[in-house]
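Engineer: Fold the following for me, if possible:
(chains A and B)
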Protein chains: 2
Amino acid sequence: MRIKTMQTEQRIIDAAYESFWRSGFTRTNVDSIAKRAKLTKRTIYSYFRSKDDLLAAVLLHYAKLAGQRIQHIGDRMPADPVGMIDSFFGQLAGWANATPRWSGSGFTRLVVELADMPGHPARAIARSHKVKMEVWLAERLAKARIKRAQERAREVMLLMEGSMALMLIHGDRSYIDAAARAAKHLIKQK
Amino acid sequence: MRIKTMQTEQRIIDAAYESFWRSGFTRTNVDSIAKRAKLTKRTIYSYFRSKDDLLAAVLLHYAKLAGQRIQHIGDRMPADPVGMIDSFFGQLAGWANATPRWSGSGFTRLVVELADMPGHPARAIARSHKVKMEVWLAERLAKARIKRAQERAREVMLLMEGSMALMLIHGDRSYIDAAARAAKHLIKQK
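Structural biologist: Numbering: from 1, shown residues only, chains lettered A, B, ... in the order given. Modelled structure (predicted):
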């Protein structure tokens, strides 16, 4: 692929990512993506046959970013279990605080938006990301010698998803603190 | 208001409720509501000026139903704290199992769909419902002599929201069992 072609493709993906993230998948149309990318609709359709195809490309891009974010979170985590939980939820709070109009996990949001379409290919990508995250958490907790690390990792996932939903609903970030406190209590189980 | 008028209005609200619940707010249009209600679009617009007005009416209806559901959940709850938690999450699982294409809390879903519109009136109604539920839980837990009932109620809310998100993502109802187990451990805190 020529460099110019690759650059244009990336520009479309970046614009679509930004649009989907801001307004959700359904409310984004190709017109608004074209406007954001400063390209014509015709150009966009020469790269992607449909909005669904574009969504697939955006999701692969987003999964890569999300993988990098997990890596980044892991790099900053201390080795002790309590420090680990504090760091995990602290970084979640930092992400929410640093992002204007933060709206939670893009994958969760997409699944909720496509709740009536269990077979949609986007949902498989979202599911796979959440599985990876839970497995990754279990490995970290096991390394920190937490017992039944898989069960504890699942509880941390429940609290993380819950805190994102309630932060979004109430606009109140203290839900993250409550989740961190609960997680620290739960990992002490024998 | 004449009885016939009231009946038609309720028929529109029921059809809109069903449509919003199935496909989300954004993907529902007045055409599909008209089709479901077996009425013309013209008739619908003679009752509601816009889709937003119709959403407001549906939300008031939904808040009433949700209030009744909380009442119903409470009526079946035993007085002891562990039984209370089991009953709470058991009824959540029962609701998910009994509902074809279950897609979690309608209020949470609406907030996620309108994530980029913090000022949307629908979000205030959703927020108010979640506050009521948290307060109601805290009262129940306090009655069962659970210490720091407000903090514990918030943890149960976090686990409930988290389990709904992860059940939807994974299509796996064991996330509710994990949430119930965690909640029972958390309410034992001194």
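Engineer: Please make it C-alpha for all contacts and neighbour counts, starting now.
Structural biologist: Fine.
Engineer: Can you tell me the element residue A:45 falls in?
Structural biologist: Per DSSP states H and E: residue A:45 is located in helix A:41-47.
Engineer: average pLDDT for the next helix or strand after that helix?
Structural biologist: Reading on from helix A:41-47 to the C-terminus, the next helix or strand found by DSSP H and E is helix A:51-76. Across helix A:51-76, pLDDT averages out at 89.
Engineer: starting at the chain centroid, how far to helix A:51-76?
Structural biologist: Relative to its chain's centre, helix A:51-76 lies at 7 Å (C-alpha atoms, centre = their mean, to the nearest Å).
Engineer: Can you name every helix or strand that whichever helix or strand comes after that helix contacts?
Structural biologist: Per DSSP H and E, the first helix or strand lying C-terminal to helix A:51-76 is helix A:81-98. When contacts are defined as 3 or more C-alpha pairs under 8 Å, 6 or more residues apart in numbering or on different chains; DSSP states H and E, helix A:81-98 sits against helix A:51-76, helix A:174-186.
Engineer: so the closest residue to chain B within chain A is in which element?
Structural biologist: The nearest approach of chain A to chain B comes at residue A:162, 3.8 Å away (C-alpha to the nearest C-alpha). For residue A:162, the host element (DSSP H and E) is helix A:149-170.
Engineer: So which bits of that helix are buried?
Structural biologist: Within helix A:149-170, the residues that count as buried by 16 or more other C-alpha atoms under 10 Å in any protein chain shown are A:149-170.
Engineer: Same question for stretch A:32-49.
Structural biologist: For stretch A:32-49, by 16+ other C-alpha under 10 Å, it's A:33-34, A:36-37, A:44, A:48.
Engineer: how distant is that stretch from the center of its chain?
Structural biologist: Distance, stretch centre to chain centre, for stretch A:32-49: 25 Å (C-alpha atoms, centre = their mean).
Engineer: Now do the end-to-end distance for it.
Structural biologist: Start-to-end span of stretch A:32-49 (C-alpha to C-alpha, to the nearest Å) is 16 Å.
Engineer: Stretch A:98-105 too?
Structural biologist: Stretch A:98-105: ends 14 Å apart by C-alpha to C-alpha.
Engineer: How about that stretch, which residues are buried there?
Structural biologist: A:102-105.
Engineer: ok, and which of those residues reach chain B?
Structural biologist: Among the buried residues of stretch A:98-105, proximity to chain B is found for residue A:103 (C-alpha under 8 Å from any C-alpha of the partner chain).
Engineer: Can you pick out the most distant pair from the buried residues of stretch A:98-105?
Structural biologist: Farthest-apart pair in the buried residues of stretch A:98-105 is A:102 and A:105; separation 9.0 Å (C-alpha to C-alpha).
Engineer: which one of the buried residues of stretch A:32-49 sits closest to residue B:11?
Structural biologist: The closest of those, once distances to residue B:11 are taken by C-alpha to C-alpha, is residue A:33, at 37.9 Å.
Engineer: check contacts around that closest one.
Structural biologist: Residue A:33 sits next to A:12, A:15-16, A:19 when contact means C-alpha atoms under 8 Å, 6 or more residues apart in numbering or on different chains.
Engineer: likewise residue A:54?
Structural biologist: A:13, A:16, A:48.
Engineer: Near chain B, which residues of chain A are found?
Structural biologist: Residues of chain A lying near chain B by C-alpha under 8 Å from any C-alpha: A:22-24, A:26-27, A:101, A:103, A:108-109, A:111-116, A:123, A:126-127, A:151, A:154-155, A:157-163, A:165-166, A:168-170, A:175, A:178-179, A:182, A:185-186.
Engineer: could you redo the last one with a cut-off of 7 Å?
Structural biologist: Residues of chain A lying close to chain B (C-alpha under 7 Å from any C-alpha of the partner chain) are A:22-24, A:26-27, A:101, A:103, A:109, A:111-113, A:115-116, A:127, A:155, A:158-159, A:161-163, A:165, A:169-170, A:178-179, A:182.
Engineer: can you redo the buried residues of stretch A:98-105 as JSON lines with pLDDT and secondary structure?
Structural biologist: Shown next, in JSON lines, are those (pLDDT from 0 to 100; DSSP: H, G, I helix; E, B strand; the rest coil):
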{"residue": "A:102", "pLDDT": "89", "secondary structure": "coil"}
{"residue": "A:103", "pLDDT": "88", "secondary structure": "coil"}
{"residue": "A:104", "pLDDT": "90", "secondary structure": "coil"}
{"residue": "A:105", "pLDDT": "91", "secondary structure": "coil"}
